[in-house]
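Undergrad: using only what follows, build the 3D model:
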Amino acid sequence: MKKTLVLALLTFLTPLAHADQGGFSNSGGSTQVSSGVNIDSTVATPSGTLTIHCPSTTPGLCAGGSFTFLSNDGTMALNASFTSGTFRESCSGGGRGGRVTCSYSFTGYISGTWSMNGATQAITGLTSQRFGTGGAAAKGTTAYNSAYTPFYFSNSGQILRSDDLNGTNLISYGTQGSDVGQFYGAYGIALDSAGRIYVADTYNSRVVRIDDMNGTNWTTFGTSGSAVGQFMNPSGISVDSAGRIYVMDTGNNQLVRMDDMNGTNWTVMSGIGSGVGQFAQYVAPVAFDASGRIYVADSGNGRLVRMDDMNGTNWTTLTQSPVINGYIYSLQSPIGVAVDPAGKIYVADAEYYQPAVIRVDDMTGVNWTSIYLGSTATPHSIAVDSSGMVLVGGGGAQIVDNMMGVLTSSSALTQYYGPYYVFGATPVLVPSPRPSALSFSPTTLTFADQDIGTTSNSQAVTITNFGGSPLNFSGISASGDFPETNNCPGTLLAGASCIANVSFAPTVNGPETGLLTLSDDSGNLGASQAVTLVGTGLLPRHLSLSPATLNFSGYTIGDSPSQTVSVTNTSGGSVGIAGIAMSGDPSFVQGNTCGSILSAGATCTVTVTFSPVAYGTFTSTLIVTESSGAQETVSVNGTAFPDN
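TA: Predicted coordinates:
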């Protein structure tokens, strides 16, 4: 964000009335940096106590520990641990006897639960703290949001859905192309009140609507052109509360409104320029407030526009802030706009050297507040959900919490196509309070080969409710030769985890598969989920052969050297021997002392003789077959030279 003078501006606001997202500031108390960061501080609004303990993992880094906040009236509590943290000391001053002043900065990412009036939900968040040396008081901010933050986005050739910024339960729909189930440059996404998904299928010059991520009721409207019912590279799409569809028809430099997917009441607003009723570019999707007024991020003119209708009635613009502490801040490249339920306006400003989200209370710019998105952010879109949580797409996905902190997606969200390709990021409609949300890790268990009649060590599946409501189990079970036990209660509270332990006890020879099935009322994955189980059963082997290889080399035709192999019964009982044979070149023959039964702990001997009748290299395999069908082998090879 460019301004008359560069100044970082951050306004600290009180938490919202719901627990989906919020933040608070702290000051005072005491600090200590010793084997980590320890802070005791006071929060003014809501009044309470903040305690931070982030133990060092390596110099300057910490993780684990605890982060707790408890309001003085006991109605609000945040209990979390650190997923990661960084702290460093910096000093200034000195020179010519000047005083050196040092201080610490600490940034930590947290995961845990937020409780409000008895309702608990899983959250993620971050805290930023600054404090001096010698136990000086800390001053900082903390921001948090619901851990279950489902959203749609596009990588231009597909539509994707993730349950959070880490790509949990990530699914995709579509491929690149122009047929049913295909997209080509799907740069805009919107939802109607029923949760149906609308896509501005840019390079196919059409609008697509689907009911869900299975592509149910695939419907398209539009062809390429400039007439009624035609688009040219539409890039943005929005749906108002009445279900009318607004399309930013970029190639035709016009905003189109239609009542439905038949193009009913096709209405156009166009005009290139910087005057009233004109836009420099028709790119960003429009937003709406509770009164139905239309907001447009007019990127090329560096301004935000509000109008009452498609005629431009009551055309109003915003380009800069009021004077704030002697400074004026300006919009530079507003790429998107969103309006929250309280009427606050959010603008994604894609200024290349300082991308930011800007919030104002109204079109006068009052309470102009900005937050920096980071140097890797390349914002393409902005949206806000019913709780006021702001979602930015581009450079990955980012969630802005109450203008106090920014959480950025992990590489798992964009591992196949890169962080730039996050277009049209749009929150999924969820009820309030947020439902339960289930994740399990890992999603597949693979067991090492296991003898029939034995049981492997168990492997654990961690089952987590990262939603905003309790999750109720109706059953957890495993199929096939995979016994299961678990410590899961009937109801798993928000933010809680339990463990299912699965073993492999094969009863048949060969590969086996099974499923660990979870039956529950999870709000994100539905009534039943499964973890795939894979293993291979082996016939039990009770005989040990030594050595594992016999080598005969340097012999001539007519020689008959011999070597021996010891066969030992390593089991606690007698083992039947069904056969002993050589497989391969007939130059090798065997004889043995083993018989048909070998007692527990006993050893017998197999003698292998090499009798070449020609010169060359020869190979064979000694095979000892147990009565169970299991086989043990020894590799045999030899070389023979002509008799000179």
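
Undergrad: chain center to stretch 543-556: distance?
TA: Offset of stretch 543-556 from its chain centre (Cα atoms, centre = their mean, to the nearest Å): 54 Å.

Undergrad: can you give me the end-to-end distance of it?
TA: End-to-end span of stretch 543-556 (Cα to Cα, to the nearest Å): 34 Å.

Undergrad: for the helix or strand harbouring Gly29, buried residues please.
TA: Element membership of Gly29, judged by DSSP states H and E, is strand 21-33. Within strand 21-33, the residues scored as buried using 16 or more other Cβ atoms under 10 Å are 21-26, 29, 31, 33. Placement of C-beta: from N, CA and C, glycine included.

Undergrad: then that strand to CSV, C-alphas only?
TA: Extracted in CSV, the C-alpha atoms of strand 21-33 (Å, rounded to 0.1, in the frame of the first residue of the first chain):
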residue,chain,number,x,y,z
GLN,A,21,-12.2,-15.5,14.8
GLY,A,22,-10.8,-12.6,16.7
GLY,A,23,-7.9,-11.1,18.5
PHE,A,24,-6.6,-9.1,21.5
SER,A,25,-3.6,-7.1,22.5
ASN,A,26,-1.6,-7.4,25.7
SER,A,27,0.9,-5.2,27.6
GLY,A,28,2.8,-5.2,30.9
GLY,A,29,3.8,-8.1,33.1
SER,A,30,7.2,-9.8,33.0
THR,A,31,9.3,-11.8,30.5
GLN,A,32,12.2,-14.2,30.5
VAL,A,33,14.3,-15.7,27.7
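
Undergrad: from the contact counts, what lies against that strand?
TA: If contacts are counted by 3 or more Cβ pairs under 8 Å, 6 or more residues apart in numbering; DSSP states H and E, strand 21-33 sits against strand 36-43, strand 119-132, strand 138-146, strand 397-401.

Undergrad: what mean pLDDT does the shortest one get?
TA: Right, strand 397-401. In this model, strand 397-401 has a mean pLDDT of 95.

Undergrad: which other helices and strands contact the helix or strand that comes right after it?
TA: Sequence-wise, the next helix or strand downstream of strand 397-401 (DSSP H and E) is strand 405-408. Identification of packing neighbours for strand 405-408 by 3+ Cβ pairs under 8 Å, 6+ apart yields strand 119-132, strand 138-146, strand 369-372, strand 397-401.

Undergrad: and the contacts of strand 405-408?
TA: 23, 109, 124-126, 128, 141-145, 165, 371-374, 376-377, 395-401 (Cβ atoms under 8 Å, 6 or more residues apart in numbering).

Undergrad: to Glu512, which of the helices and strands packed on strand 405-408 lies closest?
TA: Between Glu512 and the helices and strands packed on strand 405-408, the tightest spacing by Cβ to Cβ is seen for strand 119-132, at 35.3 Å.

Undergrad: pull up the pairing partners for the closest one, direction included.
TA: strand 100-116 (antiparallel), strand 138-146 (antiparallel) (DSSP bridges).

Undergrad: rebuild those strands as TSV, extending it with mean pLDDT, distance to Thr491 and mean neighbour count.
TA: TSV is the format used below for these (pLDDT from 0 to 100; distance: least, Cβ to Cβ, whole Å; neighbours: other Cβ atoms under 10 Å):
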stretch	mean pLDDT	distance to Thr491	mean neighbour count
strand 100-116	95	15	19
strand 138-146	96	19	25
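
Undergrad: can you tell which of the ones you listed is closest to Leu622?
TA: strand 100-116 (57.8 Å).

Undergrad: ok and that closest one relative to strand 21-33, angle-wise?
TA: For strand 100-116 against strand 21-33, the angle by axes from the mean of the first three to the mean of the last three Cα atoms, to 10 degrees is 140 degrees.

Undergrad: just the strands in the stretch 51-200 of the chain please.
TA: Taking DSSP state E, counting those that start in this stretch, the strands of the stretch 51-200 of the chain run over residues 61-71, 76-93, 100-116, 119-132, 138-146, 151-154, 159-162, 171-173, 175-176, 182-183, 186-191, 197-201.

Undergrad: what helices or strands is the second one leaning on?
TA: So that's strand 76-93. Looks like strand 76-93 contacts strand 48-58, strand 61-71, strand 100-116, strand 119-132 (3+ Cβ pairs under 8 Å, 6+ apart).

Undergrad: tell me the buried residues in the last one?
TA: Translated: strand 119-132. For strand 119-132, burial by neighbour count (16+ other Cβ under 10 Å) applies to 120-129, 131.

Undergrad: also stretch 205-224?
TA: 205-210, 215, 220-222.

Undergrad: so which of these are in strands?
TA: In this view, the buried residues of stretch 205-224 that belong to strands under DSSP state E are 206-210, 220-221.

Undergrad: any idea which helix or strand in this protein has the lowest mean pLDDT?
TA: Lowest by mean pLDDT, DSSP states H and E among the helices and strands of the chain is strand 450-451, with a mean of 91.

Undergrad: ok now that one, how far from the chain's centre?
TA: Remark: strand 450-451 is offset 35 Å from the chain centroid, using Cα atoms, centre = their mean.

Undergrad: kindly report the same for stretch 207-221.
TA: Put simply, stretch 207-221 sits 25 Å off its chain's centre (Cα atoms, centre = their mean).

Undergrad: go on, stretch 304-319?
TA: Relative to its parent chain, stretch 304-319 has a centroid offset of 38 Å by Cα atoms, centre = their mean.

Undergrad: what comes into contact with it?
TA: With Cβ under 8 Å, 6+ apart as the test, stretch 304-319 has contacts from 255, 257, 267-269, 276-277, 279, 292-298, 302-303, 330-331, 334, 337, 345, 347, 360, 363-365.

Undergrad: what about the nearest residue to Leu255 once chain neighbours are set aside, which SS state?
TA: With sequence-adjacent residues excluded and distances taken as Cβ to Cβ, 6 or more residues apart in numbering, Leu255 is closest to Met269, at 4.5 Å. Assigned by DSSP: H, G, I helix; E, B strand; the rest coil, the conformation of Met269 is strand.

Undergrad: and Met269, how far from Gly312?
TA: When distance is defined by Cβ to Cβ, to the nearest Å, Met269 is 7 Å away from Gly312.

Undergrad: next: Ala448.
TA: Taken as Cβ to Cβ, the span from Ala448 to Gly312 is 70 Å.

Undergrad: between the two, who's got more neighbours?
TA: Neighbours were counted for Ala448 and for Gly312 using other Cβ atoms under 10 Å; Gly312 has more, 15 against 10.

Undergrad: what about Ser574, how many residues nearby?
TA: Using other Cβ under 10 Å, Ser574 has 13 other residues around it.

Undergrad: then Phe183?
TA: Phe183 sits with 26 neighbouring residues when counted by other Cβ under 10 Å.

Undergrad: circling back: quick one: which of the strands paired with strand 119-132 is nearest Ser635?
TA: Across those, Ser635 has its closest neighbour in strand 100-116 (53.2 Å, Cβ to Cβ).

Undergrad: returning to what we had before: generate a ChimeraX selection restricted to the buried subset of the contacts of stretch 304-319.
TA: In ChimeraX, this line selects whichever of the contacts of stretch 304-319 come out buried by 16+ other Cβ under 10 Å:
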select :255,257,269,279,293,294,295,296,297,298,302,303,331,334,337,345,347,360,365
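
Undergrad: now, the contacts of stretch 304-319 that are in strands?
TA: Members of the contacts of stretch 304-319 lying in strands (criterion: DSSP E): 255, 257, 267-269, 294-298, 303, 334, 337, 345, 347, 360.

Undergrad: show me the contacts for the residue nearest to Thr250 when sequence neighbours are not counted.
TA: Counting by Cβ to Cβ, 6+ apart, Thr250 lies nearest to Ser235, which is 4.5 Å off, once chain neighbours are set aside. Neighbouring residues of Ser235 by Cβ under 8 Å, 6+ apart: 187-188, 200, 202, 248, 250, 283-284.

Undergrad: and the furthest pair within the residues you listed?
TA: The largest separation in the contacts of Ser235, counting by Cβ to Cβ, is between Thr202 and Ala284 at 13.4 Å.
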